[in-house]
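> predicted model, plus sequence, below.
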Amino acid sequence: MASETTYCGTATEDTAVGTVSFSDDSNITAEDGAEAVSGTGSGTRTTHYMTATNFGSSIPAGATIDGVEFRMKCRHSGSDVIDNSARPVLGGTVQGDELALLTQWPSFGSPADRNYGDPTEDWSLAWTPTNINASDSGFAIAADITNFSAARIDVIERTVYYTEGGGGGPTLEQIERHYPRGAARGVMRGAA
């Protein structure tokens with residue numbers, strides 16, 4: 001399995017969720033300590049989606065997308081910040097499985113990583129090289145902020161795990177799923 005990791009090139013807010021804005025959205029396009037920040041007064045409020053797109057991916061045509069993982073380097077200051085929603089963006093629309101984490105964002109000090117997805121997570125979406133390479137695919141995150149806290153995002157990156165397509169025919173593992181044990185070896189010999 002091959003993989004490609006890239007940073008987002010564009011950061012925007014989607015007001016479909018939440019009421020609290022971020023400042024300095026474009027700070028999430030580089031891992032440089034500059035942060036997009038969203039804060040609140042008393043009570044609990046939800047941020048807008050911070051939407052990261054335009055990852056500049058170049059997954060080869062014919063590849064099969066095995067999984068998609070997002071890494072967000074972030075922290076919070078103040079009281080409590082937890083995910084409200086964490087979902088992919090496909091075709092410019094927030095969609096797919098909800099993978100918000102139920103744990104606090106890292107607190108104070110240096111930002112730390114939060115990971116969403118893994119090498120086999122497809123988020124219940126039909127990813128293709130064409131739609132994952134498109135500038136309107138990406139990730140959206142919204143947070144619940146409590147009592148004078150601030151959500152701070154340094155960077156969002158995406159890793160696409162894929163199997164290159166083309167030419168080799170089925171693997172032994174793929175054939176064994178469809179034939180009784182041992183018979184697959186004969187099929188492979190006959191195919192050679």
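Nice, thanks for sending it over.
> alpha carbons only for contacts and neighbour counts from here, please
OK.
> ok, and the closest non-adjacent residue to D14?
Y49 (5.0 Å; C-alpha to C-alpha, 6 or more residues apart in numbering).
> mind pulling the model confidence for that neighbour?
pLDDT for Y49: 97.
> report the contact partners of the most centrally placed residue in the chain.
Centrality entry for the chain: nearest residue to the mean C-alpha point is F70, 3.0 Å, by C-alpha atoms, centre = their mean. For F70, the contacting residues are 115-117, 139, 156-159, by C-alpha atoms under 8 Å, 6 or more residues apart in numbering.
> returning to that earlier point: against I65, how distant is the residue nearest to D14?
In this view, Y49 and I65 are 25 Å apart by C-alpha to C-alpha, to the nearest Å.
> tell me which of these two has more neighbours.
Using other C-alpha atoms under 10 Å as the criterion, Y49 and I65 rank with Y49 on top: 27 against 24.
> I'd guessed that one sits against T19; true?
No. The criterion here is C-alpha atoms under 8 Å, and Y49 misses it with T19 at 9.6 Å.
> can you name the residues bridging to the residue nearest to the centre of the chain?
Y116, R158 (DSSP bridges).
> ok, now how distant is it from I156?
Distance from F70 to I156, by C-alpha to C-alpha: 7 Å.
> over to S3?
S3 is 17 Å from I156, by C-alpha to C-alpha.
> likewise for G109?
Distance from G109 to I156, by C-alpha to C-alpha: 18 Å.
> look at these two and report which has more neighbours.
With neighbours defined as other C-alpha under 10 Å, G109 and I156 compare such that I156 has more, 32 against 9.
> that one and S79: what is the separation?
23 Å.
> now do D144
11 Å.
> between those two, which is the more surrounded one?
Set D144 next to S79 and count neighbours by other C-alpha under 10 Å: D144 wins out with 21 against 13.
> correct me, but that one touches T40?
No. Contact criterion C-alpha under 8 Å: D144 and T40 do not qualify, at 9.7 Å.
> wait, isn't A142 in contact with S38?
No. Assessed by C-alpha under 8 Å, A142 is found out of contact with S38, at 10.1 Å.
> intersection of neighbour lists for these two?
T47.
> show me what A151 is bridged to.
S38, H76.
> mind listing what it touches?
37-39, 74-77, 81, 143, 145.
> ok, now with 6 Å
By C-alpha atoms under 6 Å, 6 or more residues apart in numbering, the contact list for A151 reads 37-38, 76.
> can you check F148 too?
Taking C-alpha under 6 Å, 6+ apart, one finds 40-42 in contact with F148.
> and it, which of the three is it?
Look at F148: counting by DSSP: H, G, I helix; E, B strand; the rest coil, its state is coil.
> kind regards, and thank you for your time.
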